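A.B. asks: what would the 3D arrangement of this be:
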Amino acid sequence: MKYRTLGRTGLEVSVVGMGTWQFGGEWGKAFTQPEADAMLEKARAVGINLIDTAECYGDHTSEMLVGNAIQKDRGKWVVATKFGHIFHSHMNRTQDFSPDGVRKQLESSLRALKTDYIDLYQFHSGSDELFDQEPLWAMLNEQVEAGRIRHLGISIGSNENVHQTDAATAVNASAIQVIYNRLAREPEARVYPSCRRQNLGVLARVPLASGFLSGKYKPGAAFPADDVRSGRDPEQTRQRLEEVAKIRREEVPQGVEMAAWALAWCLRHPAVTCVIPGCKSVEQVASNAATADLDTVRDDHPQAAGR
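C.D. replies: Below is the predicted model:
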């Protein structure tokens with residue numbers, strides 16, 4: 001495993017983290033505690049130390065599975081979670097970004113995670129109007145002062161939300177989370193330059209494009225009704241899978257797994273600190289981690305010219 005410093009936080013994080021939306025039950029499978037334990041034990045064994053979860057991956061369900069699994073060695077993990085959404089049922093949420101509401105969400109997240117601090121607490125895909133609340137950030141920074149939050153972050157809802165990215169330093173946020181993958185390169189234009197100017201850490205979520213870049217799905221693939229991907233436009237899905245097939249033919253080196261290539265592709269961007277793919281098995285945890293064995297030298301690194 002390789003490690004990078006997460007922006008101004010000073011936290012050393014594995015270049016491959018572990019996304020845990022799947023633990024909330026909206027990706028076609030419900031997870032048991034023993035399954036989550038085994039996956040996180042494997043993650044630790046292969047050097048992964050960053051876990052990304054959220055308040056609304058189930059009703060704190062993902063956080064509870066994570067918290068139970070890591071409580072014996074909590075200090076070895078960098079735990080990132082989020083605030084702003086209330087889970088009601090499958091893909092049914094409401095928002096609450098009020099200072100009092102977020103304070104209550106923080107309490108619930110700390111209980112679910114079985115911890116007295118959160119390493120990275122992230123504004124979760126809210127509008128600019130909800131973001132621009134001075135009382136919210138004042139309350140959050142009080143929690144930082146109290147030691148219940150180590151660092152603040154922003155998980156931007158749009159790949160092109162430079163408003164929230166540019167405001168990160170002003171609200172004392174040290175990291176940005178954004179969708180970034182070979183099929184979604186919008187952050188390169190404005191979000192990533194802003195991150196580099198401010199020395200913000202970057203967590204690249206959905207690096208496998210919701211599984212499309214995993215290499216498992218071919219044109220014509222269908223998803224079960226309880227899988228969040230089943231609600232997408234069939235024609236759009238077909239076009240995306242055809243684009244993936246072309247990328248596999250023309251860009252992925254012979255003998256390299258497409259998923260590993262896709263994660264390494266993200267990590268070569270000079271702004272990206274860590275990718276946070278989801279996974280559904282111990283085997284997927286291990287294969288994601290193996291990405292660190294590929295060429296992940298950043299494109300602005302002196303070694304890059306000699307590739």
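A.B. asks: which element is the closest residue in space to residue 128 that isn't next to it in sequence on?
C.D. replies: Distances taken as C-beta to C-beta, 6 or more residues apart in numbering put residue 163 closest to residue 128, at 5.1 Å, once the chain neighbours are dropped. For the C-beta atoms, the positions are set from N, CA and C on the backbone; glycine is no exception. Assigned by DSSP states H and E, residue 163 belongs to helix 162-166.
A.B. asks: report the rounded mean pLDDT for that helix.
C.D. replies: Summarised as a single mean, pLDDT over helix 162-166 is 98.
A.B. asks: so what touches that helix?
C.D. replies: For helix 162-166, the surrounding residues in contact (C-beta atoms under 8 Å, 6 or more residues apart in numbering) are 123, 128, 131, 154, 156, 176, 190, 191, 194, 195, 200.
A.B. asks: for the worst-scoring helix or strand of the chain on mean pLDDT, output the C-alpha coordinates as PDB.
C.D. replies: Least confident helix or strand, the chain: helix 234-250 with a mean of 85, by mean pLDDT, DSSP states H and E. The C-alpha trace of helix 234-250 is given here as PDB (Å, rounded to 0.1, in the frame of the first residue of the first chain):
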ATOM      1  CA  PRO A 234     -31.700   2.000 -20.000                       C
ATOM      2  CA  GLU A 235     -30.400   3.800 -23.100                       C
ATOM      3  CA  GLN A 236     -28.000   5.800 -21.100                       C
ATOM      4  CA  THR A 237     -26.800   2.600 -19.400                       C
ATOM      5  CA  ARG A 238     -26.300   0.900 -22.800                       C
ATOM      6  CA  GLN A 239     -24.300   3.900 -24.100                       C
ATOM      7  CA  ARG A 240     -22.100   4.000 -21.000                       C
ATOM      8  CA  LEU A 241     -21.400   0.300 -21.200                       C
ATOM      9  CA  GLU A 242     -20.400   0.600 -24.900                       C
ATOM     10  CA  GLU A 243     -18.100   3.400 -24.000                       C
ATOM     11  CA  VAL A 244     -16.500   1.200 -21.300                       C
ATOM     12  CA  ALA A 245     -16.000  -1.600 -23.800                       C
ATOM     13  CA  LYS A 246     -14.200   0.900 -26.100                       C
ATOM     14  CA  ILE A 247     -12.000   2.100 -23.200                       C
ATOM     15  CA  ARG A 248     -11.100  -1.500 -22.400                       C
ATOM     16  CA  ARG A 249     -10.000  -2.200 -26.000                       C
ATOM     17  CA  GLU A 250      -8.100   1.000 -26.500                       C
END
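A.B. asks: so how far is it off the chain centroid?
C.D. replies: In terms of C-alpha atoms, centre = their mean, to the nearest Å, the centre of helix 234-250 is found 23 Å from the chain centre.
A.B. asks: and that helix, what's buried?
C.D. replies: Under the neighbour-count criterion of 16 or more other C-beta atoms under 10 Å, helix 234-250 has 237, 240, 241, 243, 244, 247 buried.
A.B. asks: same deal with stretch 26-44?
C.D. replies: By neighbour count on 16+ other C-beta under 10 Å, the buried set for stretch 26-44 is 26, 27, 31, 35, 36, 39, 40, 42, 43, 44.
A.B. asks: can you check stretch 210-218 too?
C.D. replies: 210, 211, 212, 213, 214, 215, 217.
A.B. asks: name the SS class of the first one, please.
C.D. replies: Of the three states, residue 210 takes coil according to DSSP: H, G, I helix; E, B strand; the rest coil.
A.B. asks: residue 152 now?
C.D. replies: Residue 152 - assigned by three-state DSSP - is strand.
A.B. asks: got the confidence number for it?
C.D. replies: Looking at residue 152, its pLDDT is 98.
A.B. asks: beta-bridge partners for it, please?
C.D. replies: Using DSSP bridges, the bridge partners assigned to residue 152 are residue 121, residue 173.
A.B. asks: list the contacts of it.
C.D. replies: Neighbours of residue 152 in contact, by C-beta under 8 Å, 6+ apart: 120, 121, 122, 123, 137, 140, 141, 144, 171, 172, 173, 174.
A.B. asks: so the fourth one is in contact with residue 80, correct?
C.D. replies: No. With contact defined as C-beta atoms under 8 Å, residue 123 does not reach residue 80; the gap is 12.0 Å.
A.B. asks: contact partners for residue 137?
C.D. replies: By C-beta under 8 Å, 6+ apart, the contact list for residue 137 reads 152, 171, 172.
A.B. asks: format those as a markdown table; extra columns: distance to residue 289.
C.D. replies: A markdown table is the format used below for those (distance: C-beta to C-beta, whole Å):
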| residue | distance to residue 289 |
| --- | --- |
| 152 | 27 |
| 171 | 33 |
| 172 | 32 |
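A.B. asks: no further queries at this time; thank you.
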